[in-house]
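Student: Fold the following for me, if possible:
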Amino acid sequence: MGAIGAAGGTLAGYDALTGATYAWLAQALIGPVNVFTWTELAERIRTGDIAIDLARPIDPQAGYLAADLGRAAFQLLPRGAPPLLVGALVTGLALPAEALPYLLGLVSVTLAVVVSFACRWLMNLAAFWLLELRGVTTLYLVASNLLCGLVVPVHWFPPWLATIAAWTPFPAMLQHPIDIIMGRADGPEAFILLGEQVAWAIGLLVIGRVVFEVGARKVVVQGG
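Tutor: Residues are numbered from 1 along each chain as shown. Next comes the predicted model:
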């Protein structure tokens, strides 16, 4: 909270308490949303096991998305509750008293998981064309962690960096749900953020479907 103190006690609408609340909420959500990397699909492409997925009666993208939503639901309380409990005891939390922000926040977190999955799905599909993905995953990890608001809130970015962030799906993965849960975005503004999340989720899933179908044409199964 040194940045807030140096700014005179408030920074882009955050005071010490709301800044601390943001940090605790970010820690609570990074596990369920998974703003980090995931390479299971890339490994299956690399080893050729993706051919098994293609032979199954379940659409691979839909199957992996369903599994990721299940993972997020399973982790939400065990991974999300401890940071909030510690935050409540150590710094206190500046959270709304009414129920609507939490209801909208739950929708927003669900959409954030979908957006995060869609981004990671696209990153994994690079394995159809690249033999080594360490550079891609490192670049994704740096970009996503910075631009989603994990390091500092996107609202603290200089204008040029905030503009870059706004043209990416990453704020929809963390900044948007936190803004809604905290009540920073309420009324029409909350629904605008939800609309942005829906647009990113649908757009990225469609792109991911097209790229997967193009990449799947490259799969060659030897024998049988």
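
Student: where exactly do the helices run in the protein?
Tutor: Under the criterion DSSP state H, the chain contains helices at 2-6, 16-33, 40-47, 50-55, 60-90, 100-125, 134-147, 159-166, 175-182, 188-216.

Student: deepest of those helices, which one?
Tutor: Most buried of the helices of the chain by mean neighbour count (mean count of other Cβ atoms under 10 Å) is helix 175-182; its value is a mean of 26. Every residue, glycine included, has its C-beta placed from N, CA and C.

Student: now what about stretch 150-170, what contacts it?
Tutor: Under the criterion Cβ atoms under 8 Å, 6 or more residues apart in numbering, residues 3, 11-14, 19, 22, 26, 30, 35, 115, 118-119, 143-149, 171, 174-175, 178, 200, 204 lie in contact with stretch 150-170.

Student: Now do that stretch: distance from first to last residue.
Tutor: From its first residue to its last, stretch 150-170 covers 10 Å (Cα to Cα, to the nearest Å).

Student: want to throw the helices of the chain into TSV with distance to P153 and mean pLDDT?
Tutor: Listed next are these as TSV, based on distance: least, Cβ to Cβ, whole Å; pLDDT from 0 to 100:
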stretch	distance to P153	mean pLDDT
helix 2-6	10	60
helix 16-33	6	94
helix 40-47	31	90
helix 50-55	38	86
helix 60-90	16	94
helix 100-125	15	96
helix 134-147	11	92
helix 159-166	10	96
helix 175-182	7	96
helix 188-216	14	96
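
Student: Spatially central, which residue of this protein would that be?
Tutor: Geometric centre of the chain, nearest residue: M173, 3.1 Å, by Cα atoms, centre = their mean.

Student: contacting residues for W121?
Tutor: By Cβ under 8 Å, 6+ apart, the residues touching W121 are 41, 61, 64-65, 204-205, 208, 212.

Student: just A94 next, same as before
Tutor: Taking Cβ under 8 Å, 6+ apart as the test, what A94 contacts is 17-18, 20-21, 182.

Student: As TSV, those with distance to L111 would be great.
Tutor: Output for the contacts of A94, formatted as TSV (distance: Cβ to Cβ, whole Å):
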residue	distance to L111
L17	27
T18	23
A20	25
T21	21
M182	17
